[in-house]
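**Student:** Okay, structure incoming, though there's no sequence with it:
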């Protein structure tokens with residue numbers, strides 16, 4: 001994904017390429033991907049919120065575990081793509097005023113999400129919004145950095161975390177598995193960069209690579225095909241390496257050769273799970289993100305505006321509102337009806353699916369009357385100065401017949 005292989009052309013007028021339909025279908029594809037990410041995040045967060053006491057079939061546990069971290073990674077990855085799309089005109093023109101305006105827009109959104117995130121974090125332990133605010137702050141600073149520079153930045157962000165993981169506990173007494181309820185500069189920095197569920201290093205890599213992908217011509221089917229194949233290969237390679245070392249005795253063999261090896265500590269480095277977020281997790285998350293985005297873009301292009309697909313599109317458009325609802329009302333409902341001390345995995349998945357179905361219906365009804373979700377509208381009112389080439393999709397009642 002260096003500058004040499006990036007395919008991005010300057011913005012053209014509708015009269016040159018008639019891009020309106022292609023842009024709309026492309027954006028619908030992103031909304032579909034965002035809707036899928038939201039469902040994954042709901043299931044992951046509810047598994048953590050509602051303790052699971054009973055064991056489930058191994059295959060069910062395995063399938064549910066595959067979503068851990070990947071859904072949130074897709075969410076951040078999509079944000080990076082969106083940043084490149086929205087800043088495309090300014091980057092091509094090189095106009096300093098336009099670039100400054102885009103940076104200011106990002107900084108405003110960053111401030112909004114930091115405020116909302118700090119508030120939400122007090123109630124919802126698993127909040128990602130306060131991390132999102134920092135991601136956008138960094139994105140504003142590197143908005144015009146060439147692809148090679150972005151790639152280096154993402155690589156450094158990925159490999160720094162393992163050093164932090166092994167050095168900070170021993171030399172500074174900061175335990176990755178610990179938590180703090182303190183509200184002071186030191187505690188905030190530790191949460192943002194080390195102990196939090198989505199630490200800036202290495203999670204910013206998802207947004208940075210998304211920014212690179214967003215500079216590609218994603219209307220090109222050949223590029224989407226390469227994105228799909230490359231993503232699947234990257235993800236499977238990362239997952240396979242982790243599996244071979246941790247489940248096929250390779251790491252134990254290493255201990256036999258080097259008896260001083262601490263198997264538990266070494267296993268973290270070779271794990272593709274989200275906690276702790278080691279390089280194999282970043283690679284797997286990026287790979288699956290690339291593949292899902294490619295598939296969703298093709299789906300959006302093939303079935304753009306169809307009545308059956310628009311509910312997913314609308315759900316993706318209200319992602320921020322839905323995220324806050326699932327962490328508040330979605331939890332309160334369970335408490336109101338009599339929350340049990342523990343639940344089964346089947347119950348958690350079923351409740352997540354039921355809530356998600358209700359939210360899809362509500363999102364569809366909302367979009368029939370309003371262009372944006374309530375939280376999205378507030379954020380846009382307070383922060384948005386972008387003049388984007390991307391127009392909102394038609395309301396649901398204007399959808400094409402099946």
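**Tutor:** Here it is on my side, so go on. Note that the structure is predicted; figures quoted are calculated from it, not measured.
**Student:** Could you point out the longest helix of the chain?
**Tutor:** Scanning the chain for the helix with the most residues, using DSSP state H, yields helix 20-49.
**Student:** tell me what that one is packed against?
**Tutor:** In terms of contacts (3 or more CB pairs under 8 Å, 6 or more residues apart in numbering; DSSP states H and E), helix 20-49 is packed against helix 70-86, helix 279-302, helix 310-317, helix 319-327, helix 329-336, helix 345-369. To be clear about C-beta, it is placed using only N, CA and C from the backbone, and glycine gets the same treatment.
**Student:** try 7 Å
**Tutor:** helix 70-86, helix 279-302, helix 310-317, helix 319-327, helix 345-369 (3 or more CB pairs under 7 Å, 6 or more residues apart in numbering; DSSP states H and E).
**Student:** buried ones in the next helix or strand after that helix?
**Tutor:** Using DSSP states H and E, the helix or strand that follows helix 20-49 towards the C-terminus is helix 58-65. Residues residue 64 are the ones in helix 58-65 that count as buried (16 or more other CB atoms under 10 Å).
**Student:** what mean pLDDT does helix 58-65 have?
**Tutor:** Helix 58-65 carries an average pLDDT of 84.
**Student:** What are the contacting residues of that helix?
**Tutor:** Residues external to helix 58-65 that are found in contact with it (CB atoms under 7 Å, 6 or more residues apart in numbering): 47, 345, 349.
**Student:** Run through the residues that contact the first one.
**Tutor:** If I follow you right, that is residue 47. Going by CB under 7 Å, 6+ apart, residue 47 touches 64, 348.
**Student:** what pLDDT does it get?
**Tutor:** pLDDT recorded at residue 47 is 89.
**Student:** returning to what we had before: put together TSV for the helices and strands packed on helix 20-49, with mean neighbour count on each row.
**Tutor:** Listed next are the helices and strands packed on helix 20-49 as TSV, based on neighbours: other CB atoms under 10 Å:
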stretch	mean neighbour count
helix 70-86	24
helix 279-302	23
helix 310-317	25
helix 319-327	22
helix 345-369	17
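**Student:** okay if I get those as CSV plus mean pLDDT and distance to residue 36?
**Tutor:** Below are the helices and strands packed on helix 20-49 laid out as CSV (pLDDT from 0 to 100; distance: least, CB to CB, whole Å):
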stretch, mean pLDDT, distance to residue 36
helix 70-86, 95, 7
helix 279-302, 96, 7
helix 310-317, 95, 8
helix 319-327, 95, 11
helix 345-369, 94, 10
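**Student:** Adding distance to residue 187, write the contacts of helix 58-65 out as a markdown table.
**Tutor:** A markdown table is the format used below for the contacts of helix 58-65 (distance: CB to CB, whole Å):
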| residue | distance to residue 187 |
| --- | --- |
| 47 | 26 |
| 345 | 33 |
| 349 | 34 |
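**Student:** Hmm, residue 35 is touching residue 316, no?
**Tutor:** Yes - look at residue 35 against residue 316 with CB atoms under 7 Å: they come within range, at 3.9 Å.
**Student:** got a pLDDT number for the residue lying closest to residue 199 once chain neighbours are set aside?
**Tutor:** Using CB to CB, 6 or more residues apart in numbering and skipping the chain neighbours, the partner closest in space to residue 199 is residue 193 (5.4 Å). The model reports residue 193 with a pLDDT of 89.
**Student:** Which secondary structure elements does the helix or strand in which residue 112 is found sit against?
**Tutor:** Assigning secondary structure by DSSP H and E places residue 112 in helix 96-123. When contacts are defined as 3+ CB pairs under 7 Å, 6+ apart, helix 96-123 packs onto helix 88-93, helix 129-141, helix 374-383.
**Student:** buried sites along the first one?
**Tutor:** Which is helix 88-93. For helix 88-93, by 16+ other CB under 10 Å, it's 88-91.
**Student:** which residue packs closest to the most centrally placed residue in the chain, ignoring adjacent ones?
**Tutor:** The residue lying closest to the centre of the chain (CA atoms, centre = their mean) is residue 75, at 2.0 Å. Once flanking residues are discounted, residue 75 sits nearest to residue 37: 4.5 Å by CB to CB, 6+ apart.
**Student:** I'd like to know how many residues surround that neighbour.
**Tutor:** Neighbour count for residue 37, taken as other CB atoms under 10 Å: 26.
**Student:** Test my guess that it contacts residue 74.
**Tutor:** Yes - with contacts counted by CB under 7 Å, residue 37 reaches residue 74, the gap being 4.3 Å.
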